[in-house]
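**Student:** Sequence first, then the predicted structure:
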Amino acid sequence: PSDVGIVGMYLVVPSTYVDQTELESFDGVSTGKYTVGLGQLKMGFCTDREDINSLCLTALSRLVDSTGISYADIGRLEVGTETIVDKSKSVKTVLMQLFEESGNFDVEGIDTTNACYGGTAAFTNALSWVESSAWDGRYAVVLAADIAIYAKGNARPTGGAGAVAMLIGPNAPLVIERGLRSTFMRHAYDFYKPDLASEYPVVDGKLSIKCYLSALDECYRLYCAKARLVSNLTGDDSNDAVGINSFDAMIFHAPYGKLVQKSLARMVLNDFVSTPDERIVEIYPGLEKFIGVRLEDTYFDRAVEKSFLDFSLGLYKKKTEPSLLISRLVGNMYTCSLYGGLVSYLISKPVEDIAGQRIGMFSYGSGLASTMFSIKVVGGDKLNQLTSSLRYVHSLLESRKKVSPLEFSQIMEIREKNHHRASYSPVGDIGWLFPNTWYLKEVDESYRRTYDIV
Ligand code: ACO
């Protein structure tokens, strides 16, 4: 099959959020720390009525409804998540409830986990299946979903929650470019979840930022090398100067907005470092003083950071800021953060502006695993359908319920206390949920979870 990629998408966010300005004053930090310093405006969260299974049930059922396919049309279903409620039973098997009526039990794929990277691992698995000899002509579906919550303290404002479901198949409007995928993986303890009794991670915030930026450097360097190779092989010299201008849009895994802006600036720094000295003045006027700078010395170099943030501001506004819409209003959605960025970008402008574009994607998961790849957007009916099916997102974000920081904090305590309790009857108000949302009805004495839909 050719032109394999994303055919349909659906995004689910929690119906409740806490305002970051209110959270600043509730937490007693300086005004602007979360809103300006981190670049976050609102943070979505779930009560004890939602867990990873219910989020995925909602996202999958909505994707099937919105694309008009049947459950029998799905031959592979992959779930990427780091929100673990069971060490053995996968979310995928829970989702098989939705297939019962169709009689389709012939569905490959299972869960994949590594911090925020699981969604991308699930995504590349789905692409591989469609491109393989095992493909039987049906669609693959990728579900990336998480509930991202942190213990009280400086990481708490970088939480979030959400789910993105994607329909993968041939002749797609969002084609994943072949031969242009670069990966960087290495061992690090920057963010991990060793305490299986807790929903909270152990985080070394500063190390996680350094790991993220170094992974970006490595993926981008390798992506550029592969892009040069592909253009040499095809005799296409338009890609000769591979760099930030090869992308019409650049989307990143988004723990918080400020890190994403720094990441775009970091890619420009990478371009700068690989530019011959004699061309610096012409291409990077005012940045000559940084000639000879080494990437590995600059993760926390204020002068370099500020200069490249200033220099890349125009590029950021054009290529990256539109992708931060959902992230700013919902927070870090972990495995689906990058794909939420794609949804944000797709609904940010008229479809004719997006047709023909190349979109760069950078996925990062702590621990660490990272990949850069690119999407070629093909204009036409399928693209129109995909983008118009996502227009609901604006009003969805608007219609959420604001909850005070105090109540949010109490709800987090309820989750903390009851995480992995059996039997358990959730207390969260079902009336707060959006229509057609799956929710956790009950956990019985054998830890079996049952769900219902509002
Ligand atoms: N007005 C404006 N800016 C402010 C203010 C203020 N009143 N106060 C602080 N700031 C700025 C700081 O200068 C800083 O800017 P900088 O990043 O450019 O240096 C920024 O706000 C954050 O302030 P810090 O003091 O650095 O914040 P802190 O150390 O308390 O926490 C952190 C930030 C480390 C990101 C924390 O929230 C965290 O650990 N989050 C989880 C880990 C994470 O998201 N890592 C990212 C990659 S891995 C992943 O996706 C999980």
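**Tutor:** It's in. Residues are numbered from 1 along each chain as shown.
**Student:** Need the residue in this protein that's farthest from the chain's center.
**Tutor:** Most distant from the centre of the chain: E278, at 38.8 Å, with distances by CA atoms, centre = their mean.
**Student:** Contacts made by the one helix or strand that residue maps to with the rest, please.
**Tutor:** Secondary structure assignment for E278, by DSSP states H and E: helix 277-283. Contact partners of helix 277-283, identified using CB atoms under 8 Å, 6 or more residues apart in numbering, comprise 272, 275, 287-288, 291. Where you see a C-beta, it was placed from the backbone N, CA and C, and this is true even at glycine.
**Student:** so how far is it off the chain centroid?
**Tutor:** 36 Å (CA atoms, centre = their mean, to the nearest Å).
**Student:** Show me what counts as buried in it.
**Tutor:** For helix 277-283, burial by neighbour count (16 or more other CB atoms under 10 Å) applies to I280.
**Student:** pull the CA atoms of it into CSV?
**Tutor:** Listed next in CSV are the C-alpha coordinates belonging to helix 277-283 (Å, rounded to 0.1, in the frame of the first residue of the first chain):
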residue,chain,number,x,y,z
ASP,A,277,31.5,30.0,9.8
GLU,A,278,31.8,32.1,6.7
ARG,A,279,28.0,32.0,6.1
ILE,A,280,27.0,32.8,9.7
VAL,A,281,26.9,36.6,9.3
GLU,A,282,24.7,36.4,6.3
ILE,A,283,22.2,33.8,7.7
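**Student:** Use 39 as the first number from now on
**Tutor:** I'll keep to 39 as the first residue from here, and by that count the last item is helix 315-321.
**Student:** avg pLDDT for it?
**Tutor:** Across helix 315-321, pLDDT averages out at 95.
**Student:** at contact distance from the ligand, anything in the helix or strand that it is followed by?
**Tutor:** For helix 315-321, the following helix or strand on the C-terminal side (DSSP H and E) is helix 340-349. No - using CB under 6 Å from any ligand atom, we find that helix 340-349 stays clear of the ligand, coming within 7.2 Å at best.
**Student:** From the contacts of helix 315-321, list the buried ones, please.
**Tutor:** Here, 16+ other CB under 10 Å leaves 310, 313, 325 buried among those.
**Student:** Serialize those residues to JSON lines and add fields for distance to the ligand.
**Tutor:** As requested, the buried ones among the contacts of helix 315-321 are arranged in JSON lines below (distance: CB to the nearest ligand atom, whole Å):
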{"residue": "F310", "distance to the ligand": "20"}
{"residue": "T313", "distance to the ligand": "25"}
{"residue": "L325", "distance to the ligand": "19"}
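**Student:** Which of those residues lies at the shortest distance from F161?
**Tutor:** Ranked by distance to F161 (CB to CB), the buried ones among the contacts of helix 315-321 are led by F310 at 30.7 Å.
**Student:** for the closest residue to the ligand within the stretch 389-492 of the chain, what are its contacts?
**Tutor:** Residue of the stretch 389-492 of the chain nearest the ligand, by CB to the nearest ligand atom: S404 (5.0 Å). Residues in contact with S404 (CB under 8 Å, 6+ apart) are 153-154, 226, 228-230, 246, 249.
**Student:** Who wins on neighbours among the residues you listed?
**Tutor:** Sorting these by how many neighbours each has (other CB atoms under 10 Å) puts C154 first, at 32 neighbours.
**Student:** which residues does that residue contact?
**Tutor:** For C154, counting by CB under 8 Å, 6+ apart, the contacting residues are 120, 184, 291, 293, 370, 372-373, 375-376, 401-404.
**Student:** Quick check: the gap between it and L406.
**Tutor:** Note on C154: its distance to L406, by CB to CB, to the nearest Å, is 10 Å.
**Student:** for T151, same thing?
**Tutor:** For T151 relative to L406 (CB to CB), the value is 14 Å.
**Student:** and A182, that one's in a helix?
**Tutor:** No - using DSSP: H, G, I helix; E, B strand; the rest coil, the secondary structure at A182 is strand, not a helix.
**Student:** wouldn't it be in contact with G379 here?
**Tutor:** No - under the criterion of CB atoms under 8 Å, A182 makes no contact with G379, lying 11.6 Å away.
**Student:** Which residue does this protein have closest to the ligand?
**Tutor:** For the chain, CB to the nearest ligand atom, closest residue to the ligand: G75, 2.0 Å.
**Student:** And for that residue, the neighbour number?
**Tutor:** There are 14 residues near G75, going by other CB under 10 Å.
**Student:** Grab the nearest non-local neighbour of it.
**Tutor:** Nearest residue to G75, sequence neighbours excluded (CB to CB, 6 or more residues apart in numbering): K296, at 6.6 Å.
**Student:** Within the helices and strands, which one has the one you found?
**Tutor:** For K296, the host element (DSSP H and E) is helix 295-311.
**Student:** That helix - what's its average pLDDT?
**Tutor:** For helix 295-311, the mean per-residue pLDDT is 98.
**Student:** Show residues contacting it.
**Tutor:** With contacts defined as CB under 8 Å, 6+ apart, helix 295-311 is touched by 75-78, 247, 250-251, 254-255, 258-259, 281-282, 288, 290, 292, 318, 322, 325, 328, 331-333, 336, 342-343, 346-347, 349-350, 353-354, 357-359, 361-362, 365-366, 400.
**Student:** Pull out the buried positions in the longest strand anywhere in the chain.
**Tutor:** In the chain, taking DSSP state E as the definition, the longest strand is strand 212-223. Under the neighbour-count criterion of 16+ other CB under 10 Å, strand 212-223 has 212-215, 218-222 buried.
**Student:** Now these in JSON lines, please, with extra columns for distance to the ligand and pLDDT.
**Tutor:** As requested, those are exported to JSON lines (distance: CB to the nearest ligand atom, whole Å; pLDDT from 0 to 100):
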{"residue": "L212", "distance to the ligand": "24", "pLDDT": "98"}
{"residue": "V213", "distance to the ligand": "27", "pLDDT": "98"}
{"residue": "I214", "distance to the ligand": "23", "pLDDT": "98"}
{"residue": "E215", "distance to the ligand": "25", "pLDDT": "97"}
{"residue": "L218", "distance to the ligand": "24", "pLDDT": "95"}
{"residue": "R219", "distance to the ligand": "20", "pLDDT": "97"}
{"residue": "S220", "distance to the ligand": "19", "pLDDT": "98"}
{"residue": "T221", "distance to the ligand": "17", "pLDDT": "98"}
{"residue": "F222", "distance to the ligand": "14", "pLDDT": "98"}
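**Student:** re earlier: ok, the residue nearest to G75 to I247 distance?
**Tutor:** K296 is 10 Å from I247, by CB to CB.
**Student:** Then E359?
**Tutor:** With distances taken as CB to CB, E359 is found 20 Å from I247.
**Student:** which residues of the stretch 39-188 of the chain fall in strands?
**Tutor:** Assigned by DSSP state E, counting those that start in this stretch, the stretch 39-188 of the chain shows strands spanning 43-50, 54-57, 80-83, 112-118, 149-150, 177-186.
**Student:** Just say which of these is most tucked in.
**Tutor:** Mean neighbour count (mean count of other CB atoms under 10 Å) peaks for strand 177-186 among the strands of the stretch 39-188 of the chain, with a mean of 28.
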